[in-house]
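Q: Based on what follows, work out the 3D shape:
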Amino acid sequence: MNVIRIPGVTNLRDVGGIPVGASRVRTGSLLRSGKLARLTPEGDRMLRERVRRVVDLRDDAEVRAEPSALTDVPTARVPLFLGSTASFFADDIDLAGMYRQLIDDSADRLAEAVRIIAAGEPTLVHCTVGKDRTGVTVALALSAVGADRDAVVADYALTASQLPEERTRAVVDYFRANMPDSRHAIQLATESPAPVMAALLAEIDDRFGSAAEYLRSAGMTGVELDALRRGLVE
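A: Predicted structure coming up:
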């Protein structure tokens, strides 16, 4: 995993290098990040040199509030959360519950996002922070091609350390002041614990047989899954 520093975007990295059996994920094939709303002109140029497709997992309200500043790169909108993201905080759902709901309620959209990755062009997947929706989507794509489980989980877990410290402090202060009885709000907004992703992927294996079979059940074809492997694996 290669952390990339580009002005105006946080939590940006290339997942190339993750082991896949005797091979590895191809560098430059799949990038992940937070929102692109604050991308600077220099950052726009730098990112356009790296990616040919973007998958934006945010909902309509998020996009209206903070439209992407990336120019001249085709972007597919694949909003993942059904309903408001605020509902997860209001209902005090933990990360494991949120991911389980995502897997259950948005299977067709997760498959659509991975289908775009399977097209084989250098692709950037992002949401607002690049933690949850992006984390689950990227973990599914990597797992579907047989990427090393520990490395996939480690990539997910890296996010918390990549979020701006000032944002994390502000989020923690906000929830402590405004939702003092919430057990999970700070975790939802700021954390990416390895055991949560490990448990999600194990549950997918138990319920569907594998991440690839989960995506197949959600509408991806064998041809598309083969294309995903060709696109991602050296």
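
Q: quick one: low-confidence parts of the protein?
A: 1, 82-90, 172-173, 175, 181-182 (pLDDT under 70).

Q: That one: strands as residue ranges?
A: Remark: strands assigned in the chain by DSSP state E are 2-3, 13-14, 19-20, 23-24, 30-33, 53-56, 75-77, 123-126.

Q: Please name every helix or strand in contact with the fifth one.
A: This means strand 30-33. If you count contacts as 3 or more C-beta pairs under 8 Å, 6 or more residues apart in numbering; DSSP states H and E, strand 30-33 packs onto strand 13-14, strand 123-126, helix 133-144. Heads up, the C-betas are built off the backbone N, CA and C, glycines and all.

Q: So which of the strands of the chain is nearest residue 95?
A: strand 30-33 (17.4 Å; C-beta to C-beta).

Q: so how far is that closest one from its chain's centroid?
A: Taking C-alpha atoms, centre = their mean, to the nearest Å, one finds the center of strand 30-33 at 8 Å from the center of the full chain.

Q: got a list of what the most centrally placed residue in the chain touches?
A: Nearest to the mean C-alpha position of the chain, counting by C-alpha atoms, centre = their mean, stands residue 134 at 1.1 Å. By C-beta atoms under 8 Å, 6 or more residues apart in numbering, the residues touching residue 134 are 32-34, 57, 125-127.

Q: Quick check: it vs residue 119, distance?
A: With distances taken as C-beta to C-beta, to the nearest Å, residue 134 is found 18 Å from residue 119.

Q: on that earlier part again, dump the strands of the chain into a markdown table; add distance to residue 162 and mean neighbour count as well.
A: Shown next, in a markdown table, are the strands of the chain (distance: least, C-beta to C-beta, whole Å; neighbours: other C-beta atoms under 10 Å):
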| stretch | distance to residue 162 | mean neighbour count |
| --- | --- | --- |
| strand 2-3 | 7 | 12 |
| strand 13-14 | 7 | 20 |
| strand 19-20 | 21 | 16 |
| strand 23-24 | 21 | 16 |
| strand 30-33 | 9 | 25 |
| strand 53-56 | 19 | 21 |
| strand 75-77 | 22 | 14 |
| strand 123-126 | 13 | 26 |
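
Q: can you list these in JSON lines and add distance to residue 43?
A: Converted to JSON lines, those look like this (distance: least, C-beta to C-beta, whole Å):
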{"stretch": "strand 2-3", "distance to residue 43": "15"}
{"stretch": "strand 13-14", "distance to residue 43": "15"}
{"stretch": "strand 19-20", "distance to residue 43": "30"}
{"stretch": "strand 23-24", "distance to residue 43": "27"}
{"stretch": "strand 30-33", "distance to residue 43": "11"}
{"stretch": "strand 53-56", "distance to residue 43": "14"}
{"stretch": "strand 75-77", "distance to residue 43": "16"}
{"stretch": "strand 123-126", "distance to residue 43": "12"}
